[in-house]
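1. everything below, folded, please.
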Amino acid sequence: MKVLVTGANGFLGQHLVRQLVDEGKFVIHACGKGASRLSYGERNGVHYHSFDLTDYRQTQLLIEKISPHIIIHTAAITQPNDCAKDKTGCWKTNVAATRVLLRAAQKTRSYFIYLSTDFVFDGKEGPYDESAKPNPVNDYGESKLLAEEMVTMSSLHWAIIRTVLVYGGKVPGSRSNFVQWVKDKLTAGEHIKVVDDQLRTPTYVEDLAKGILLVVMKHAKGLYHISGKEMCTPYQLAVMVADTLQLNAGLIEKVTADTFTEPAKRPPKTGFIITKAVKELGFVPVRLEEGLRKSFGI
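-> Residues are numbered from 1 along each chain as shown. Below you'll find the predicted structure:
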């Protein structure tokens, strides 16, 4: 079975490709910008394609050539501030490229799995289950919600997976995730300010990849919330990182979101209720403490 993964060079993409390889049932077509940063090659059943999703003609031709049974679309501009600063680029990557992928997938009748975010919510009444009404407060959330709506309106067999504050071990060339950033700063003896007035259910990246694989294996359709079960603030998470690594938590200053002047507003309280994923997919996330230990290889 042929699977195409967009954003394969990214943090989630690299972990997901590895789990797909380990499953041993797929011919994997991994797509990303520039040279491959994957640790797997064609001997592992992985075929890498370097291309830009916003090159719509190239995208259509590639999908038609591969004719994948499954498309897992993880590629996106995921930083809210980047989306606020470059609204055109945000819409071009997160919305228009998704539309092109969907049109190409219509021709190949591919099963379409789309990765989305808790930022489709305004954060007033979290944690959220799948029945909650989205109301994004920034361009990133708006772009992801619009792409979600296009997926649901397609005639394809589809699944949407939303997730929250993904963390985990470093992978080559990807953006540093929050817990690794905290580790690096504290290891260097630097003082950091971290917000304590936002609530999330942090998601271990290997759990997210596992959740996507469960959706694939069950050929599930619909919307699924995939995250950890434990809710905390970024400040509390940073302190847990310090405790896990026996670093100086005194370097972490507790602040509010108003401390920072940022282009994009953040929802104050998101986090997910994952009952549906547990019941329908058999999804069981690790505890936050264990996820942190795994992230740092201890």
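2. and residue 273, how many residues sit next to it?
-> When neighbours are counted by other C-beta atoms under 10 Å, residue 273 registers 18. The C-beta positions use only the backbone N, C-alpha and C, and glycine is treated the same way.
3. got phi/psi on it?
-> phi -100, psi 120 (degrees, to the nearest 10).
4. what of residue 4?
-> Torsion angles, degrees, to the nearest 10, at residue 4: phi -110, psi 130.
5. burial count for the nearest residue to it once chain neighbours are set aside?
-> Leaving aside its sequence neighbours, residue 4 sits nearest to residue 68 (C-beta to C-beta, 6 or more residues apart in numbering; 4.0 Å). Neighbour count of residue 68, defined by other C-beta under 10 Å: 24.
6. next one: residue 99 from residue 76, what distance?
-> Distance of residue 99 to residue 76, computed by C-beta to C-beta, to the nearest Å: 13 Å.
7. ok, those two, which is more surrounded?
-> Neighbours per residue (other C-beta under 10 Å) separate residue 99 from residue 76, with residue 76 holding more: 25 against 15.
8. contact partners for that one?
-> 7, 93, 94, 115, 143, 144 (C-beta atoms under 8 Å, 6 or more residues apart in numbering).
9. what ranges do the strands span in the stretch 51-200 of the chain?
-> Here the stretch 51-200 of the chain has its strands, by DSSP state E, counting those that start in this stretch, at 70-73, 111-117, 158-163, 166-167, 192-195.
10. who wins for proximity to residue 297 among those strands?
-> strand 166-167 (13.8 Å; C-beta to C-beta).
11. looks like residue 220 contacts residue 277 (just checking).
-> No. Between residue 220 and residue 277 there is no contact under C-beta atoms under 8 Å: 9.3 Å.
12. neighbour-wise, which of those two wins?
-> More crowded of residue 220 and residue 277, by other C-beta under 10 Å: residue 277, with 23 against 19.
13. which residue sits closest to that one in space, ignoring its chain neighbours?
-> Per C-beta to C-beta, 6+ apart, closest to residue 277 is residue 283, 4.1 Å.
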